[in-house]
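Undergrad: Predicted coordinates and the sequence they were generated for:
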Amino acid sequence: MLQLSVIIVNFNVKHFLEQCLHSVLKAAEGMATEVIVVDNNSSDNSIDYLVPKFPTVKFIANKENLGFAKACNAGLKASSGHYILFLNPDTIVPEDCFQKCISFFEQHTQTGAMGVKMLDGSGRFLKESKRAFPSPLTSLYKLFGLAKLFPRSKTFSTYHLGHLAENKNHEVDVLAGAFMMVKKEILEKIGSFDETFFMYGEDIDLSYRIQKAGYKNYYFADCSIIHFKGESTRKGSMNYVRMFYNAMSVFVRKHYGGGRAGIFNLLIHIAIWFRAALTAVGNFIRRIGLPLIDAGLILLSFWLIKNLWNQYVRTDIEYESRLLWIAIPGYTAFYLITAYYAGLYDKWYKWGELVRSSAIATIVLLAAYSLLPEYYRFSRAIVLFGAMLAFILISLLRWMLIQSNILNSDKQKEEKATTVITGTPFEYDQVIQLLKDAGLHQRVMGRVAPQENDSTAIGSRTKLQELSHILPFREIIFCRGTLSFADIIESIQQLPAGTVAKIHTVNSGSIVGSDSKDSSGESVSKENGYKLADPYNRRLKRLIDVSVSILGIISFPVQLLLIKKPFNFLANCFLILLAQKTWIGYASKDKNLPYLLPAVIACNGVPATSGQQLSQESLQMMDYWYARDYEPSADLKLLWYSYRRLGG
């Protein structure tokens, strides 16, 4: 039997998993260890990307997302280690991690399972490293924020055992599924994860059953790992609140039963709705509420200007209500469409995008206004001043949302984008090349030496605090090469306030990190450098697809005479409107490029249904150039050139 089996469940975090596997394989050196990755039908090409890079790792590819518990159990069935480690893909472990944990098991024979000290990407302690079993009161204290107000209270912070020192080993109730090492013989005796839980709660349930079987769960503070938040579910989101507390409800019904479970569930549902009232507003604004609020402000602006204009300037004119009910909402819709394509609703708010979208919309509306029949016009001044008032109100709204941390401003992003790289000159050059491929190298301020006495560097890793007073860096990329993962984890705990860390293993294809324990992490790779991956360009590409399709359908009688296979062309128009195809796309099936729908015309101008005469290598190179250098105008040129062949 092997000494250790490491089981990792992956879902759309291939770059985090890449760095995780590098750290796991280093920690496994000198031990009889197997590493098993169970992929839950990721759509980010995880399997094709990782299998060639890690030939010693066993990959299991599920055809659907089975959830965490089922995927872990699938990995367990394929394992043969004496100890089983369930590990998240967005973690980094030090080289001595596994040896330390197994030594602790051997010295404490009643240990059934153990977890370790977990840190976020800024070196802050993650409270979920040690927890108590949920109860009505502990859950309510957490939901209503009392645990956060009194983090060291034995009463209010019971759930995260805030009264227990984070730097000392403790017997605890619950271990986190992000790092949970268990003896396999115990799992064979009590069973593994309960598959009733899809996500969240399964680690609490297993911890409970381990204790119930007479074993102890330990929080092991002598080993620290980094736990980035690579997953898509944000801890502050309503989806997280619902999934997490529903899992708590399942746990209580299963293990407590009776009236206690009923009271718990009643209180939990009341508390969830209370929490929802606090979080839903922010989430609604971030996702779909912002355009609706903008629409309301634009409507209000035009309505106010119209009334003021009518009351104080042109008192002799009475505008028809019917006309206003059509014109003003029409103007509002046009403003929103322009704002969307200008990037006003992207993750990072840019004031320039608001200026650009407002200016474009106003100019186009004024131009269109002059073309309208006389009986549809009401006043250019209302259009102009209404647009100006809307701009002012929307600017004020954005400022308020940024001040309340509901939105992130582009200035905040730029502040975080000042970067230094810790590594040797060779390692530094590797990271710079990767950042160049991603289009992010401009933000790098210099190289920090792994050790002291390097006169060619701007400073040394051991003096980051002093260096931060000289250089205003907000991000540091640690290279795992000369430095060990253990060195990096130690350094991350000593980062200057407000600084975040990213990690790159030498000769790997990515850099990973996370700004916050509550938000999903960010990865940097060659894929960031593709212009086709830019949300702005993707929106324009979709706009071209939709516009050409609508024009094609409207003018179809003409296309009967001009296009080969006209009925195929009509079918393509409808498929594109339904987001089943794109007019211009890839010539090959290279899965390492930004995702595109199946194409009608390949980027080399040949219909996708026709056989390609070039070699696969040549086609992949053309696809790479297309994705890297994408310009919307290139699609328009290719559509014009291939016009007669749009019937595929």
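TA: Yep, it's here.
Undergrad: would you say residue 223 is within a helix?
TA: No. Read with DSSP: H, G, I helix; E, B strand; the rest coil, residue 223 is strand and lies in no helix.
Undergrad: show me what contacts it?
TA: Residues in contact with residue 223 (Cβ atoms under 8 Å, 6 or more residues apart in numbering) are 94, 96, 97, 100, 101, 116, 117. Every residue, glycine included, has its C-beta placed from N, CA and C.
Undergrad: For the third one, give me its contacts.
TA: Contacts of residue 97 were listed using Cβ under 8 Å, 6+ apart, and they are 27, 116, 223, 225.
Undergrad: redo that, cut-off 10 Å
TA: By Cβ atoms under 10 Å, 6 or more residues apart in numbering, residue 97 lies in contact with 23-24, 26-28, 85, 87, 91, 116, 179, 181, 220, 222-225, 485-486, 489.
Undergrad: same deal with residue 421?
TA: Shown in contact with residue 421 (Cβ under 10 Å, 6+ apart): 427-432, 435, 444-448, 457, 473, 475-479, 502, 504, 511.
Undergrad: Give me the PyMOL select line for the residues you listed, limited to the buried ones.
TA: One line in PyMOL is enough to select the buried members of these, burial here meaning 16 or more other Cβ atoms under 10 Å:
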select buried, resi 427+428+430+431+432+435+444+447+448+457+473+475+476+477+478+479+502+504+511
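Undergrad: residues contacting the nearest residue to residue 110 once chain neighbours are set aside?
TA: Spatial nearest neighbour of residue 110, chain neighbours left out: residue 216 (5.0 Å); criterion: Cβ to Cβ, 6 or more residues apart in numbering. Applying Cβ under 10 Å, 6+ apart to residue 216 gives the contacts 108, 109, 110, 111, 112, 113, 114, 171, 172, 210.
Undergrad: about what we covered before: pull out the buried residues from the contacts of residue 97.
TA: 23-24, 26-28, 85, 87, 91, 116, 179, 181, 220, 223-225, 485-486, 489.
Undergrad: Narrow the residues you listed to those in strands?
TA: Secondary structure from DSSP state E places 85, 87, 91, 116, 179, 181, 220, 223, 224, 225 of these in strands.
Undergrad: What is the nearest of the residues you listed to residue 464?
TA: For those, the minimum distance to residue 464 (Cβ to Cβ) is 17.5 Å, reached by residue 224.
Undergrad: Report the two members of the contacts of residue 223 separated by the largest distance.
TA: 96 and 117 (13.6 Å).
Undergrad: Now do the shared contacts for those two.
TA: In contact with both residue 96 and residue 117: 222, 223, using Cβ under 10 Å, 6+ apart.
Undergrad: Between the two, tell me which one has more neighbours.
TA: residue 117 (22 against 16; other Cβ atoms under 10 Å).
Undergrad: what's the pLDDT at the residue lying closest to the more buried one once chain neighbours are set aside?
TA: Excluding its sequence neighbours, the residue lying closest to residue 117 (Cβ to Cβ, 6+ apart) is residue 224, at 4.5 Å. Per-residue confidence (pLDDT) for residue 224: 96.
Undergrad: can I have stretch 57-76 written out in CSV, keeping just the CAs?
TA: Below are the C-alpha coordinates for stretch 57-76, written out as CSV (Å, rounded to 0.1, in the frame of the first residue of the first chain):
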residue,chain,number,x,y,z
VAL,A,57,-0.7,12.3,-12.1
LYS,A,58,-3.8,10.2,-12.6
PHE,A,59,-6.7,12.1,-14.1
ILE,A,60,-10.3,11.1,-14.0
ALA,A,61,-12.6,13.1,-16.3
ASN,A,62,-16.3,13.2,-15.4
LYS,A,63,-18.8,13.8,-18.1
GLU,A,64,-20.8,16.1,-15.8
ASN,A,65,-20.3,18.2,-12.7
LEU,A,66,-21.0,15.6,-10.0
GLY,A,67,-20.3,18.0,-7.1
PHE,A,68,-17.5,17.9,-4.6
ALA,A,69,-18.6,14.8,-2.5
LYS,A,70,-19.2,12.5,-5.4
ALA,A,71,-16.0,13.5,-7.1
CYS,A,72,-13.9,13.0,-4.0
ASN,A,73,-15.5,9.5,-3.6
ALA,A,74,-14.6,8.7,-7.2
GLY,A,75,-11.0,9.6,-6.4
LEU,A,76,-11.1,7.6,-3.2
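Undergrad: Now it: buried residues?
TA: The neighbour-count check on stretch 57-76 (16+ other Cβ under 10 Å) flags 57, 59-60, 62, 65-76 as buried.
Undergrad: Now, these that are in helices?
TA: 68, 69, 70, 71, 72, 73, 74, 75, 76 (DSSP state H).
Undergrad: Format those residues as JSON lines; extra columns: pLDDT and distance to residue 35.
TA: What follows is these, written out as JSON lines (pLDDT from 0 to 100; distance: Cβ to Cβ, whole Å):
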{"residue": "68", "pLDDT": "86", "distance to residue 35": "18"}
{"residue": "69", "pLDDT": "88", "distance to residue 35": "20"}
{"residue": "70", "pLDDT": "91", "distance to residue 35": "19"}
{"residue": "71", "pLDDT": "92", "distance to residue 35": "15"}
{"residue": "72", "pLDDT": "93", "distance to residue 35": "14"}
{"residue": "73", "pLDDT": "92", "distance to residue 35": "17"}
{"residue": "74", "pLDDT": "94", "distance to residue 35": "15"}
{"residue": "75", "pLDDT": "95", "distance to residue 35": "10"}
{"residue": "76", "pLDDT": "95", "distance to residue 35": "14"}
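Undergrad: so which of the residues you listed comes closest to residue 194?
TA: residue 69 (6.3 Å).
Undergrad: Distance check, the closest one against residue 40.
TA: Between residue 69 and residue 40 the distance is 11 Å, computed by Cβ to Cβ, to the nearest Å.
Undergrad: Mind listing the shared neighbours of the two?
TA: Joint contacts of residue 69 and residue 40 (Cβ under 10 Å, 6+ apart) are residue 9.
Undergrad: any weak-confidence spans in the stretch 251-400 of the chain?
TA: 251-289, 316-327, 342-354, 365-366, 368-379 (pLDDT under 70).
Undergrad: ok, now the stretch 1-150 of the chain?
TA: For the stretch 1-150 of the chain (pLDDT under 70), the answer is 134-137, 139-140, 142-147.
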